[in-house]
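>>> model the structure of this input:
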Amino acid sequence: MILENNRAKLTLITLNNFKELTSIANQEHIIFYSPSDISTPEKYKAYVEIALAEYENKKAIPFIIYDKKFKTYAGSTRFGLINYTDKVLHIGWTWLGTEFQGTGLNKNIKYLMLKYAFENMNFEKVEFRIDERNLKSRKAVEKIGGVFEGVLRENKIMSDGFRRSTCCYGILKREWHSLKNDLFLNCN
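Residues are numbered from 1 along each chain as shown. Below you'll find the predicted structure:
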């Protein structure tokens, strides 16, 4: 599976290509707001192995992100918690190297993923779950049309033992075409 436009190319992450992101995975605080831990090569490999097991079980589709503008790998993202019965999935587990943040790459990634979820997979809803403290990510999801739906209070334990609260956002299929035309016009 390949999702791409002029700026970004998303392909399945594998045990053969995940090492392309080792230097990014080693950036301090790259996934500070995530309950996952990729701080060592062993933990990072385990993170990828879990994503691949979920892919095999049809619960996730994990991607490695290639930035065409800078001609290099930039990070990772995935479709997760895929519910084929209710036609709902999550977009998340997204992390980009600091040098790619704020460059427009994330908007292109989300465009490709939303387009695929709604137009190819024919899903009815895409959800995003974000640490309540992560204002940067919350604003980014709101900027692409994510509607705030509430807070799951202290529902996740972080690797340092902190109990985080999670903000839930969603985009409905019936909202997609308007968002696609209004917000994502410059992505292609």
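>>> from here on, just use CA atoms for contacts and neighbour counts.
Will do.
>>> now do the phi/psi pair for the residue located most distally from the centre of the chain.
Relative to the centre of the chain, and counting by CA atoms, centre = their mean, the farthest-placed residue is Gly161 at 23.3 Å. Dihedral angles of Gly161 (phi, psi; degrees, to the nearest 10) stand at phi 90, psi -10.
>>> read off the pLDDT value for it.
Per-residue pLDDT puts Gly161 at 87.
>>> Ser36 versus that one, what's the distance?
12 Å (CA to CA, to the nearest Å).
>>> likewise His177?
When distance is defined by CA to CA, His177 is 33 Å away from Ser36.
>>> then Lys68?
Relative to Ser36, Lys68 is positioned 27 Å away (CA to CA).
>>> check Gly75 too.
Distance, Gly75 to Ser36, by CA to CA: 15 Å.
>>> more crowded one of those two?
Gly75 (25 against 15; other CA atoms under 10 Å).
>>> can you pull the contacts of that one?
Counting by CA atoms under 8 Å, 6 or more residues apart in numbering, Gly75 touches Leu21, Ile24, Ile64, Ile65, Tyr66, Thr94, Trp95, Leu96, Gly97.
>>> burial count for the closest residue to it other than its chain neighbours?
Closest residue to Gly75 apart from its sequence neighbours, by CA to CA, 6 or more residues apart in numbering: Leu96 at 4.4 Å. Neighbours of Leu96 under the rule other CA under 10 Å: 22.
>>> dump the residue contacts of Leu96.
Ile24, Ile30, Ala74, Gly75, Ser76.
>>> of those, select the buried ones using a ChimeraX command.
In ChimeraX syntax, the buried subset of the contacts of Leu96 is picked out as below (16 or more other CA atoms under 10 Å):
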select :24,30,74,75,76
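>>> need the next SSE after the biggest helix by length in the chain, C-terminal direction.
Looking across the chain with DSSP state H, the single longest helix is helix 41-56. Sequence-wise, the next helix or strand downstream of helix 41-56 (DSSP states H and E) is strand 61-67.
>>> which strands or helices does that next one pack on?
Strand 61-67 is packed against strand 8-12, helix 41-56, strand 72-83, with contacts defined by 3 or more CA pairs under 8 Å, 6 or more residues apart in numbering; DSSP states H and E.
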